[in-house]
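Chemist: here are the coordinates; sequence isn't available:
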Ligand code: NAD
């Protein structure tokens, strides 16, 4: 396999100015897949300058028909390379191929670009306001929506294509230009998008720029640059905090999608066997999903029964080689992430949680950054493994007394990304869902995923919303205009 190694700057596919490259590692085999141009400040400067010129001097920001045509061209180009992208995702992300039929690939291909492309026609770009009558003068007034300008988009490695398309679709549909910076672990899906933009669309040079780098500092330089109007970031809460700190100097507009530690509440009237048979779903993609419900809250009155059912579910997690379509769990992205997850297992044991299953490196998988599907019971919500995002195949089970207690525990978290409620009564489940401080909630198995559905977090899970009208508006400024009305 060989991926696109070149950056995209000012409409040209190019090596880094320094000529340097960095390795792309397959996390399932630990082998080097190939290399990618390693951008530094020289390349970043050129990319930001190109995005600035494209925004300030071309018709991109005002020509909605062009933007729609270009998004549809990019969609077509992606669809043509669908199978190559699938193989590339499995190789560089280590995600099970099964996940590419879900959020890694097929779901975003359905609507991440097409929804914003449609929204271009449907969005109310102007809104008439009431006629003013001050100081004896009558004025007509209106509010007009305009693109923000140059967006710096910084993405993580866990769902690189999905997150990149989610940003790209909305940023381009609203008329902005951008500099995309992928995570160093997974550059190829993004550099491929750069190539498709350059070779298969009429997107004017400079509107989309791609700078990959082994060095996280490039992301920071993007945040610091005064020519960048908005940072659209998805990644860890620690990096989000840092971006907010750095962005404050220029009062940079920020959209931050960060980590989570979401609660899955199973009320005492729920069908436990039916619900908990799927408890090991948190091991999907090795638990590397921000909205995973990694705290399982079950009634104390049915706790032992619940632990038994979840343990049975964990005994049968198909995991290992991500190219095997039967597997739902592959490796962690890197040795560092694997060791971080194992560190949390140690913290859980130290603080008195009961390890029901897993907790180590699987002996039958000597190569690759694997962690066993891991279940902790008797977890107290104050323990480290209940408070911090582990980003691994680890589920913690916490008992609660009644509905109020379940809501209290769910909300007693630094995070507020997602949640789930299961009950025999839809009404009761909805009532509990309404009390959760989270950006998305699934009730009795409902799926909130989709380009039209706002997604994002509260508290340490972030600021702003990806997707939907709320996501679209995030990349727009509002200008109010008034003129004297004919008397
Ligand atoms: P990360 O924060 O380490 O890195 C994310 C991106 O930020 C990378 O491109 C990285 O190079 C860049 N970066 C690192 N330091 C930077 C800095 N100081 N300034 C600017 N950019 C910087 O996160 P990660 O480990 O790649 O991804 C995992 C995290 O992402 C998890 O915490 C997960 O919950 C979160 N995540 C959140 C969502 C969401 O929608 N809320 C989605 C996916 C992942």
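Modeler: Alright, I've got the coordinates. Just so it is clear, the structure is predicted and the values come from calculations on it, not from any experiment.
Chemist: What segments of the stretch 51-200 of the chain are helices?
Modeler: Taking DSSP state H, counting those that start in this stretch as the criterion, the stretch 51-200 of the chain carries its helices at 64-80, 82-93, 106-111, 114-122, 160-173, 188-200.
Chemist: Contacts for the third one, please.
Modeler: Okay, so that is helix 106-111. 75, 78-79, 82, 100, 161-162, 165-166, 449-452 (CB atoms under 8 Å, 6 or more residues apart in numbering). Glycine gets a C-beta too; all of them are placed from N, C-alpha and C.
Chemist: Try it again at 10 Å.
Modeler: 75, 78-79, 82, 85-86, 99-102, 114, 117-118, 159, 161-166, 169, 449-452, 467 (CB atoms under 10 Å, 6 or more residues apart in numbering).
Chemist: Check whether it comes into contact with the ligand.
Modeler: No. Using CB under 6 Å from any ligand atom, helix 106-111 stays clear of the ligand, coming no nearer than 12.7 Å.
Chemist: thinking again about what came up before, out of the contacts of helix 106-111, which are close to the ligand?
Modeler: Applying CB under 6 Å from any ligand atom to those, one finds that 159, 163 fall near the ligand.
Chemist: In ChimeraX, select just the buried ones from the contacts of helix 106-111.
Modeler: To isolate the buried members of the contacts of helix 106-111 in ChimeraX, using 16 or more other CB atoms under 10 Å:
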select :75,78,85,86,99,100,102,114,117,118,159,161,162,163,164,165,166,169,449,451,467
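Chemist: Which residues of the stretch 351-487 of the chain lie near the ligand?
Modeler: Residues of the stretch 351-487 of the chain lying near the ligand by CB under 6 Å from any ligand atom: 389, 391, 417, 457, 462.
Chemist: Drop anything exposed from those residues.
Modeler: 389, 391, 417, 457, 462.
Chemist: Which secondary structure element is home to the second one?
Modeler: Per DSSP states H and E: residue 391 is located in neither a helix nor a strand.
Chemist: Using the three-state scheme, assign residue 265.
Modeler: Of the three states, residue 265 takes strand according to DSSP: H, G, I helix; E, B strand; the rest coil.
Chemist: Show me what it bridges to in the sheet.
Modeler: residue 297, residue 421 (DSSP bridges).
Chemist: ok, now how distant is it from residue 408?
Modeler: According to CB to CB, to the nearest Å, residue 265 and residue 408 sit 11 Å apart.
Chemist: Then residue 294?
Modeler: Distance of residue 294 to residue 408, computed by CB to CB: 18 Å.
Chemist: Those two - which one has more neighbours?
Modeler: residue 294 (23 against 14; other CB atoms under 10 Å).
Chemist: what sits against the more buried one?
Modeler: 260-264, 282, 287, 385-386, 389-396.
Chemist: picking up where we left off before, find the residues that touch each one of residue 265 and residue 408.
Modeler: What both residue 265 and residue 408 touch, as defined by CB under 10 Å, 6+ apart, is the set residue 400.
Chemist: And for whatever residue of the stretch 101-250 of the chain ends up closest to the ligand, nearest residue in space, chain neighbours not counted?
Modeler: Relative to the ligand, the nearest point of the stretch 101-250 of the chain is residue 219 (2.3 Å; CB to the nearest ligand atom). Excluding its sequence neighbours, the residue lying closest to residue 219 (CB to CB, 6 or more residues apart in numbering) is residue 154, at 4.9 Å.
Chemist: does that neighbour really touch residue 160, like I thought?
Modeler: No. Using CB atoms under 10 Å, residue 154 is not in contact with residue 160, being 11.6 Å away.
Chemist: just to revisit the earlier point, let me know the closest of the residues of the stretch 351-487 of the chain next to the ligand to residue 94.
Modeler: Distance to residue 94 across those (CB to CB) is lowest for residue 391, with 13.3 Å.
Chemist: Report pLDDT for that closest one.
Modeler: Listed pLDDT for residue 391 reads 98.
Chemist: List of residues touching the host helix or strand of the residue of the stretch 101-250 of the chain closest to the ligand?
Modeler: Using DSSP H and E, residue 219 falls within helix 217-224. For helix 217-224, contacts defined as CB under 10 Å, 6+ apart pick out 38-41, 43-45, 47-48, 150-155, 179-184, 211-213, 215, 228, 231, 233, 235, 239, 242-247, 249-250, 252, 254.
Chemist: same thing with stretch 338-353?
Modeler: 27, 286-288, 331-332, 334, 354-355, 358-361, 368-372, 374, 376-380, 382-386, 388-394, 396-398.
Chemist: Which of those residues fall in strands?
Modeler: Those of the contacts of stretch 338-353 mapping onto strands are 354-355, 374, 376-377, 394, 396-398, per DSSP state E.
Chemist: Go through these and name the one nearest the ligand.
Modeler: residue 394 (13.7 Å).
Chemist: Which residue comes closest to that closest one once chain neighbours are left out?
Modeler: With CB to CB, 6+ apart as the measure, residue 374 is the residue that lies nearest to residue 394, at 4.4 Å, once sequence neighbours are left out.
Chemist: how close does that neighbour sit to residue 271?
Modeler: 25 Å.
Chemist: When those two are compared, which one has more neighbours?
Modeler: Neighbour totals were compared for residue 374 and residue 271, and residue 374 leads with 28 against 12 (other CB under 10 Å).
Chemist: if I pick the more buried one, what's in contact with it?
Modeler: Listed by CB under 10 Å, 6+ apart, the contact partners of residue 374 are 282-283, 287, 314, 317, 341-342, 344-345, 348, 355-360, 385, 390, 392-396.
Chemist: Can you give me the domain boundaries for the chain?
Modeler: The chain breaks down into these domains under automatic domain parsing: 7-258+462-483, 263-449.
Chemist: angle of the strand ranked longest in the chain against helix 64-80?
Modeler: If you go by DSSP E, the chain has its longest strand at strand 137-147. Relative orientation of strand 137-147 versus helix 64-80 (axes from the mean of the first three to the mean of the last three CA atoms, to 10 degrees): 20 degrees.
Chemist: And the helices in the stretch 201-350 of the chain?
Modeler: Under the criterion DSSP H, counting those that start in this stretch, the stretch 201-350 of the chain contains helices at 217-224, 237-247, 272-276, 303-315, 335-350.
Chemist: what's around residue 81, how many residues?
Modeler: Using other CB under 10 Å: residue 81 sits among 14 other residues.
Chemist: Report the contact partners of it.
Modeler: Residues near residue 81 by CB under 10 Å, 6+ apart: 88, 192, 195-196, 200.
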